[in-house]
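Q: Have a look at this fold, sequence not included:
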């Protein structure tokens, strides 16, 4: 090979190899874009985590309301719900709830019953409290409501019944 040709080939290869990699500006732009996307996505992600935790209360309260209705049809009155199996009169149990404490809300009588789901202390300001009520009208029609507090930091707002109709009070909204 010609020595001039070899020299030009080596110079061309050196120039080509020198253009590999990213500049500092290009890397900085990518980091900024990723940071902006993360800042947008993080609040949405945290909201989804809270919704997942709140699903525990919604699911259990819906089961308790259905069990109350079944108990009322079988025995003529609503039953006592308790997480303690010895005190529970309903055919539903909650084994080791993670995020909520379940307690009797409205004392069960012939016409109505209620249950509350209060967030445990570690999650008190992160997830909403829930209250459920079930009632039966004189005509035999069941009415059930699950109420969610408007704000996670708010105190529990008890679901109520009036004239055989379950409803939510001010400071909460009905979800079912």
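A: Good, I have the coordinates. None of the values given here were measured: they were computed from a predicted structure.
Q: I'd like the next helix or strand past the helix or strand hosting residue 115.
A: Assignment of secondary structure by DSSP states H and E places residue 115 within strand 112-119. Next in sequence after strand 112-119, counting helices and strands by DSSP H and E, comes strand 130-136.
Q: Within its sheet, name the partner strands of that following strand and how each one runs.
A: For strand 130-136, the paired strands and their directions (DSSP bridges) read strand 112-119 (antiparallel), strand 142-149 (antiparallel).
Q: From the rest of the structure, what touches the first one?
A: What it means is strand 112-119. Outside strand 112-119, the residues within contact range by CB atoms under 8 Å, 6 or more residues apart in numbering are 56-57, 60-61, 64-65, 68, 78-79, 81, 99-107, 126-136, 152, 156, 158-161, 164, 166. C-betas here are computed from N, CA, C, even on glycine.
Q: if we can go back for a sec, closest to residue 21 out of the strands paired with strand 130-136?
A: Across the strands paired with strand 130-136, the minimum distance to residue 21, taken as CB to CB, is reached by strand 112-119, at 51.4 Å.
Q: what separates the longest helix anywhere in the chain from the chain centre, distance-wise?
A: Assignment by DSSP state H gives helix 24-75 as the longest helix of the chain. For helix 24-75, the distance from its own C-alpha centre to the chain's C-alpha centre is 5 Å (CA atoms, centre = their mean, to the nearest Å).
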